[in-house]
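Colleague: What follows is a predicted structure for the sequence shown.
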Amino acid sequence: MLVRFWGTRGSLPVASTAAIVRQKIVGALLAADGRRFAGAADAEQFVERELGFAAGATYGGASPCVELAADDSAYFICDMGSGLRSFGLDSMRRNGEGHGKVYNFFLSHLHWDHIMGFPFFMPAFDPTAVIRIHAAHPDAEQALRRQQEEISFPVPFDWLRADIRFVQLTPGEDYEIDGVKVETARQHHSHTSYGYRFTDGEGRTAIYSTDSEHKPDNMEDEAAFIDFFREAELVICDTMYSLADSVSMKEDWGHSSNIVAVDLCHEAAAKRLALFHHEPTYEDEDIQRMHEETIRYEELTRQGSPLEVICAYDGLEVRI
Amino acid sequence: MEHTLDIRDGAIVFQVSGRVDESTWTAFGEALGDAVRQARQAAIAEVVIDLSNLDYMSSRGLRVLTVAKREADEAGIGLRLAAPNDVMREILAISRYDKLFTVTDRVEMKQ
């Protein structure tokens, strides 16, 4: 299974500014310290090996959208944040190469940052595309139609030509969808959110658990998450806030922290954790620092096998 | 996880050793809650948690500290983290709990 991250930022899409890009270029030039490069490949190696991620790249700013590619027969997409636009265009290229035009969406919840990409999803205008929107929320269709009412958007939902169906899921039940086993679990968030567990035909499992708060008052409930995450090859987790922020000024904001994610993954014997739903006010350096600290926390608290900690960014591909 | 409770210099000193993790956080929470209640009943103004002998504390343990601090705040009792060892110092920094709690290098406040 290949997991592609099309949008990894929480709450609001963000974009780099000219000043930020210029600062990175200046930093790279100073780090190169007058070195000459044989060509683009040589320069790329320098960026890859000698600049940190924040200095040589960017975590991006699109809001949540994650693709799970099991095979070429159908697409599996978690959430419809602003990253969905890029995914949609890329999928049309792949459709031209023979990919099946079946889009299986799985919505964690209906907040704006997780559905805002759908009005820009070009395959929705393709009458030969099949779009199945899976959600445990009974009001998923209402949320998507509402954001395309004329007061908010010039193109009404009813103008979309694809075969669009809404499929209600029930937490605790197993579903077989185009060769992938799918389970959903309720999470603590405003208007509720749902995590997803995807298992492909080879038994490889990826978890999508975003916008899920783990409060100090409900720690007994975490046993259910440990079971849901059990032995997953990849767990994508909301790690938006520090633990201190999540229990103080940002309590009840519906998000979790990096160290809770590590602890849950350790207890679940998961293999890899992807930090996700990055705070929109964080610059790339802040996210990189958070990533480094999380790696260190995992080292300090590890009892069994190491948990690999990666940091999701727009464009990241992870094969599991 | 083991703990001891001591009254010293007008404070309850709660020393915890071992690991506070998924298997011990409940017992840690109960014991710390008892310490706060004892302080309230005895009109003791402060509970000091001695972190010098801890192997590590997971996010469960840290959130137990938050619950205890809320109880202590309601009762007008101070709750201080003291003498963190190197591992605990790192965990407090990574979690940013060193911004949420008063952390001192020593258990005793008086020289």
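Modeller: Now that the structure is in, tell me what you want to look at. In this text the structure is predicted, and so the values were computed from the model without any measurement.
Colleague: Could you check which helix or strand contains A:Val318?
Modeller: A:Val318 is located in strand A:317-319, with elements delineated by DSSP states H and E.
Colleague: Quick check: can you name the pairing partners of that strand and their directions?
Modeller: Paired neighbours of strand A:317-319 in the sheet (DSSP bridges): strand A:2-7 (antiparallel).
Colleague: Mind listing residues that contact the partner strand?
Modeller: The set of residues external to strand A:2-7 that reach it, using C-beta atoms under 8 Å, 6 or more residues apart in numbering or on different chains, is A:13, A:60, A:62-69, A:79, A:81-84, A:86-87, A:117, A:206, A:234, A:236, A:274, A:276, A:312-320. (Each C-beta comes from the backbone N, C-alpha and C, glycine too.)
Colleague: List the contacts of B:Gly78.
Modeller: By C-beta under 8 Å, 6+ apart, the neighbours of B:Gly78 are B:Ala45, B:Glu46, B:Val47, B:Ala72, B:Thr102.
Colleague: what pLDDT does the first one get?
Modeller: Right, B:Ala45. Reported pLDDT at B:Ala45 in the predicted model: 94.
Colleague: Now do the same contact list for it.
Modeller: Residues near B:Ala45 by C-beta under 8 Å, 6+ apart: B:Gly10, B:Ala11, B:Ala39, B:Gly76, B:Ile77, B:Gly78.
Colleague: Show me the strands in the chain, by range?
Modeller: Here I'm looking at chain A. Using DSSP state E, the strands found in chain A span residues A:2-7, A:65-69, A:75-78, A:102-106, A:130-135, A:163-168, A:174-177, A:180-187, A:193-199, A:205-209, A:234-238, A:272-276, A:308-311, A:317-319.
Colleague: Not quite, go with chain B.
Modeller: With strands called from DSSP E, chain B shows them at B:2-8, B:11-20, B:46-57, B:78-82, B:102-104.
Colleague: Reformat the ones you listed as JSON lines; add distance to A:Ser248.
Modeller: Shown next, in JSON lines, are those (distance: least, C-beta to C-beta, whole Å):
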{"stretch": "strand B:2-8", "distance to A:Ser248": "25"}
{"stretch": "strand B:11-20", "distance to A:Ser248": "20"}
{"stretch": "strand B:46-57", "distance to A:Ser248": "18"}
{"stretch": "strand B:78-82", "distance to A:Ser248": "14"}
{"stretch": "strand B:102-104", "distance to A:Ser248": "14"}
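Colleague: out of these, nearest to A:Asp227?
Modeller: Among the strands of chain B, the nearest to A:Asp227 by C-beta to C-beta is strand B:11-20 (22.0 Å).
Colleague: Show me what counts as buried in the closest one.
Modeller: B:Ala11, B:Ile12, B:Val13, B:Phe14, B:Gln15, B:Val16, B:Arg19, B:Val20 (16 or more other C-beta atoms under 10 Å in any protein chain shown).
Colleague: The fifth one and chain A, how far apart?
Modeller: Taking C-beta to the nearest C-beta, to the nearest Å as the measure, B:Gln15 and chain A are separated by 21 Å.
Colleague: Which residue is the nearest non-sequential neighbour of that residue?
Modeller: B:Asp50 (4.0 Å; C-beta to C-beta, 6 or more residues apart in numbering or on different chains).
Colleague: what about the nearest residue to A:Val47 once chain neighbours are set aside, neighbour count?
Modeller: Distances taken as C-beta to C-beta, 6+ apart place A:Gly56 nearest to A:Val47, at 4.2 Å, with adjacent residues excluded. When neighbours are defined as other C-beta atoms under 10 Å in any protein chain shown, A:Gly56 has 18 of them.
Colleague: pretty sure A:Gly56 contacts A:Ala32?
Modeller: No - look at A:Gly56 against A:Ala32 with C-beta atoms under 8 Å: they stay out of range, at 11.1 Å.
Colleague: State the pLDDT value of the residue lying closest to B:Asp98 once chain neighbours are set aside.
Modeller: Of all residues not flanking B:Asp98 in the chain, B:Leu92 sits nearest, at 4.3 Å (C-beta to C-beta, 6+ apart). pLDDT recorded at B:Leu92 is 98.
Colleague: Tell me how many other residues crowd the nearest residue to A:Gln168 once chain neighbours are set aside.
Modeller: Closest residue to A:Gln168 apart from its sequence neighbours, by C-beta to C-beta, 6+ apart: A:Pro138 at 6.2 Å. A:Pro138: 9 surrounding residues under other C-beta under 10 Å.
Colleague: quick one: A:Pro138 and A:His189, what's the gap?
Modeller: 16 Å (C-beta to C-beta, to the nearest Å).
Colleague: same deal with B:Ala39?
Modeller: For B:Ala39 relative to A:His189 (C-beta to C-beta), the value is 36 Å.
Colleague: Ok, A:Ile207 next?
Modeller: 16 Å.
Colleague: Near chain B, which residues of chain A are found?
Modeller: Listed as neighbours of chain B in chain A under the rule C-beta under 8 Å from any C-beta of the partner chain: A:216-217, A:219, A:222, A:242-245, A:247-248, A:257, A:259-260, A:262-263, A:267, A:293-294, A:296-297, A:300-301, A:303.
Colleague: Thanks a lot, see you next time.
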